[in-house]
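Colleague: have a look at this prediction, sequence included:
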Amino acid sequence: METKKVEGSNTKHKVFLYTISTCGWCKKTKQLLKDKEIAYEYIDLDTCSKEEQKKAIEILKEKKNPSCFPSNRRKR
Amino acid sequence: MITVEEARKRAERDALRNRMHLCPDPELLQELLEGLAENEKRYGYPSCPCRIASGNLETDRDILCPCDYRDPDVEEYGQCYCALYVSGAVHKGEEPIHSIPERRPMEKQMAALGMGEETTETLETGEAEPTDRKLLYCKQCGYVVLRDEPPYKCPICGVKRELFGEIIVREIKVKEI
């Protein structure tokens, strides 16, 4: 997956976000994690390949609405 | 291609015409407008910044900003899905901006990702999906639009969709004199 890592001093939880690069709410969420110094990984699904998008949606299908973002991954 | 400022002016005009307001959070508003300008650059049309576009205009038509779901969302929740457009109460701060449920049907969401059964072929071939679009007109002001269904309300005079009628085009044979 074309994931990006953001460093932070708080590494207590493994945080993984599925986001859209143009989305204001996704940007707000990323900023919140940064402000709280929480380390996280994310993937911008609008800029990755169709195959990557499909893979992510398959993972998110356990959710009621798998294509609403930002979304987090429950299982790793 | 449009600039962020042009996207702002276009949204302001549209908000005014539809008796709505733009997002009261200046930072979020700027990000949403940047997202719209980016999508216009990327796809050639301003698809919703908070939804994944397919890049196929026919598949994405319902999420071109202002999207087909904006009017019912603003009426029910006081804001559209991305919160670019809000109601007067939200604009005044009487109600907060929040996360609202996605009104776009699941089949359309999946089709945009190339995961819909019916539209996968369409996306691969790049051909437009046949639609049931028809000519509709507002019985109050005469506004005419080519769509599958009437808009939630008339963008010109604000009347509800029930007052839209279909224009039936018939061939008229002219009697020779």
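Modeller: Sure thing, it's come through. On a predicted model such as this, the values are computed, not experimentally measured, just so you know. Numbering: from 1, shown residues only, chains lettered A, B, ... in the order given.
Colleague: how about the residues of chain B near chain A?
Modeller: Within chain B, the positions lying close to chain A (CB under 8 Å from any CB of the partner chain) are B:28-29, B:31-32, B:34-36, B:38-39, B:49-53, B:82-83, B:99, B:101-102, B:106, B:109-110, B:112-115. Every C-beta, even on glycine, is put in place using the N, C-alpha and C of the backbone.
Colleague: could you pick out the buried ones from those residues?
Modeller: Buried by 16 or more other CB atoms under 10 Å in any protein chain shown: B:28-29, B:31-32, B:34-36, B:38-39, B:49-53, B:82-83, B:102, B:109-110, B:112-115, out of the residues of chain B next to chain A.
Colleague: hmm, who's touching stretch A:15-35?
Modeller: By CB atoms under 8 Å, 6 or more residues apart in numbering or on different chains, the surrounding residues in contact with stretch A:15-35 are A:3, A:6, A:8, A:38-47, A:56, A:60, A:69-73, A:76, B:28-29, B:31-32, B:34-36, B:38-39, B:49-52, B:82-83, B:99.
Colleague: show me the residues you listed that map onto helices.
Modeller: A:56, A:60, B:28-29, B:31-32, B:34-36, B:38-39 (DSSP state H).
Colleague: okay, those in TSV with pLDDT and distance to residue B:177 next?
Modeller: Output for the ones in helices among the contacts of stretch A:15-35, formatted as TSV (pLDDT from 0 to 100; distance: CB to CB, whole Å):
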residue	pLDDT	distance to residue B:177
A:56	89	69
A:60	86	69
B:28	95	66
B:29	96	63
B:31	95	66
B:32	96	61
B:34	96	63
B:35	96	61
B:36	96	56
B:38	96	61
B:39	96	56
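Colleague: out of those, who's nearest residue B:4?
Modeller: Residue B:4 lies nearest to residue B:34 out of the ones in helices among the contacts of stretch A:15-35, by CB to CB, at 5.4 Å.
Colleague: the closest one touches residue B:4, doesn't it?
Modeller: Yes - taking CB atoms under 8 Å as the definition, residue B:34 is a contact partner of residue B:4 at 5.4 Å.
Colleague: okay, and the common contacts of these two?
Modeller: The overlap between the contact sets of residue B:34 and residue B:4 (CB under 8 Å, 6+ apart) is empty.
Colleague: got the residues of chain A near chain B?
Modeller: A:20-28, A:45-46, A:50, A:53-54, A:57, A:65, A:67-69.
Colleague: now do 6 Å
Modeller: A:22-24, A:27, A:45-46, A:50, A:53, A:57, A:65, A:67-68 (CB under 6 Å from any CB of the partner chain).
Colleague: show the buried residues in these.
Modeller: The buried subset of the residues of chain A next to chain B - by 16+ other CB under 10 Å - is A:22-24, A:27, A:45-46, A:53, A:57, A:67-68.
Colleague: can you tell me the distance between the two ends of stretch A:38-54?
Modeller: 27 Å (CA to CA, to the nearest Å).
Colleague: which one is residue 6 nearest to, not counting chain neighbours?
Modeller: As the question left the chain open, I've gone with chain A. residue A:40 (5.4 Å; CB to CB, 6 or more residues apart in numbering or on different chains).
Colleague: oops, chain B please
Modeller: Using CB to CB, 6+ apart, the closest residue to residue B:6 is residue B:37 (7.7 Å).
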